[in-house]
Each structure stands twice: as structure tokens, then as C-alpha cells.
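S.K.: Need a 3D model of the sequence below.
(chains A and B)
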Number of protein chains: 2
Amino acid sequence: MKNEVIVKSSAAVRAMPIGAGKGTSCSVLIGPGEAPNFALRKFVMEPGGGMPRHTNKVEHEQYILKGGAEVGIGGETYQVKEGDVVFIPEGVPHWYKADGEAGFEFLCIVPNKPDTIEILDTGC
Amino acid sequence: MKNEVIVKSSAAVRAMPIGAGKGTSCSVLIGPGEAPNFALRKFVMEPGGGMPRHTNKVEHEQYILKGGAEVGIGGETYQVKEGDVVFIPEGVPHWYKADGEAGFEFLCIVPNKPDTIEILDTGC
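M.R.: Residues are numbered from 1 along each chain as shown, chains lettered A, B, ... in the order given. I've put the predicted structure just below:
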């Protein structure tokens, strides 16, 4: 773990497509090899994109940067938009459906702990 | 620690002035009593506001939301703007001077560990 000063543009970080999602990519802005306790990632979902219902072994702290989405967490569905804050405890099922026109961009911070994504709705 | 789902607007969170700063306020969006590992805070600095050179006992992961600033970290000075990412390791001296016209807004994530702010330049 390097633990060195970082100052950079998020636009310079390569976005990687998320296979389990639709029109969804992730940029690791500060990764687990760069900082001791948590990782800062940026997700971009194209209009109409999203992620199916799934669980993670780690909690998510999120801040909505642009656009909006319908987000399901546990048994509830929420409409979120720029400036909103979301906390999803570890193990709670959740899904995203990005706004059909504006798309959806958000930061998602996770602890530097092992994680797995379990997809709950396989669609078959 | 509650560890319950949170969905809210950051604008609804009360901003508290930072005594050690100038024209600087902080909103705790997700606090140490609400999530297990780290806290999500939003700082707003008025045009020309800022924080003097100081250290913290915890690292900072930051994302610039609006405006810009001159930020000193260790022996270097950086110009940062919307979309930039900053990592300040624990114990490294740093300071902020917000843009004189646009001001400066950023997220700052810290681990849920004891922290103290030590001001290095007292101005007297």
C-alpha cells in the first residue's frame, strides 16, 4: 500500500465496464493499493442502464454527482438525484435503474475488505 | 452504530462552521454513528475562505464537487477543480485557499478513528 499523496483528475482514470450491469462502468479513483482503509470509485450508468438486484459483502457510502436513478434497497424503492446521499449496509439487496434521459453518475466508497457480488435476479 | 439504510439530500444536512477555518463549513452526510468504517463529509469554503496549514491523525480521500482552490500538501501546492481527486495521507501537513470567485466545495471521507487537528501556522 503506497500511502502517497494523490492529486489527479477523475476524467484521467480509465472506466471499466461492469459485466453484471447494463451500460455501467466504474473508475477506481483511489484504490485499495493506494490508501489504507477505503476505496473511492465513480460509477457511470448510461440512460436506461443499471445493475440488477444484488448483494455485496461490504457497505456502500454513495454521493450522487449527476442525473438520477431509481434505486431499490431492501424492500424499498427510492428516486435519487444530484446531491443525494445513500448508505447501503453490507448484505442488503440493492439495484439501480438509471434515468432514461440524464443517466446516472455517483461516487461509491467501500472499505478495503474482500467483497463478492451475488446477483439475486438472474432473469432466467 | 445504527447501520441502517440512509437516503437523503445533502442539502438537508446542517452545515457547521469550522472554527479553525475562514468562511468554511462542514456537513456530516454519513457520520461515525451511522456507518461502521468511515464518515462522509461535505466542506464548503466561501470565495477566499480556507483552512490554515494543519495536520490530522487520519487520512483524507477527497472529491472536488464545485469551484476550485489552491491546496498545499506536504511541500507542494496544487490547483484543484471540479472532478479532481485528492488523497492526503495521515499526518501530512495541508492547507486550503478557496478560489476568490467560485469558492470551493468538496467531499472528504475519513476513517472512523480518533482525530485531532493540529494547526501549524498560528499567524502570531
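S.K.: all contacts plus neighbour counts: C-alpha atoms, from now on.
M.R.: Will do.
S.K.: Contact partners for residue A:63?
M.R.: The neighbours of residue A:63, taking CA atoms under 8 Å, 6 or more residues apart in numbering or on different chains as the test, are A:82-86, A:106-108.
S.K.: so can I have a markdown table of those residues showing secondary structure?
M.R.: Listed next are those as a markdown table, based on DSSP: H, G, I helix; E, B strand; the rest coil:
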| residue | secondary structure |
| --- | --- |
| A:82 | coil |
| A:83 | coil |
| A:84 | strand |
| A:85 | strand |
| A:86 | strand |
| A:106 | strand |
| A:107 | strand |
| A:108 | strand |
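S.K.: Out of those, which comes closest to residue B:78?
M.R.: Proximity to residue B:78 was ranked across those by CA to CA; first place goes to residue A:107, at 22.6 Å.
S.K.: ok, what's across the strand from the closest residue to the closest one other than its chain neighbours?
M.R.: Closest residue in space to residue A:107, ignoring its immediate chain neighbours: residue A:42 at 4.5 Å, by CA to CA, 6 or more residues apart in numbering or on different chains. For residue A:42, the beta-bridge assignment (DSSP bridges) gives partners residue A:27, residue A:107.
S.K.: Quick check: end-to-end length of stretch A:84-94?
M.R.: The first and last residues of stretch A:84-94 sit 17 Å apart, counting by CA to CA, to the nearest Å.
S.K.: That one and chain B, are they touching?
M.R.: Yes: Stretch A:84-94 comes into contact with chain B (CA under 8 Å from any CA of the partner chain), by way of A:84-89.
S.K.: What's the PyMOL syntax to select whichever of these are buried?
M.R.: The following PyMOL selection, which keeps only the buried ones among the residues of stretch A:84-94 next to chain B, applies the criterion 16 or more other CA atoms under 10 Å in any protein chain shown:
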select buried, chain A and resi 84+85+86+87+88+89
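S.K.: so can I have CSV of the residues of stretch A:84-94 next to chain B showing pLDDT?
M.R.: What follows is those, written out as CSV (pLDDT from 0 to 100):
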residue, pLDDT
A:84, 98
A:85, 98
A:86, 98
A:87, 98
A:88, 98
A:89, 98
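S.K.: and which of the residues of stretch A:84-94 next to chain B is nearest residue A:18?
M.R.: residue A:88 (19.1 Å).
S.K.: Who are the contact partners of residue A:70?
M.R.: Going by CA under 8 Å, 6+ apart, the list of residues near residue A:70 reads A:77-80, A:96-99.
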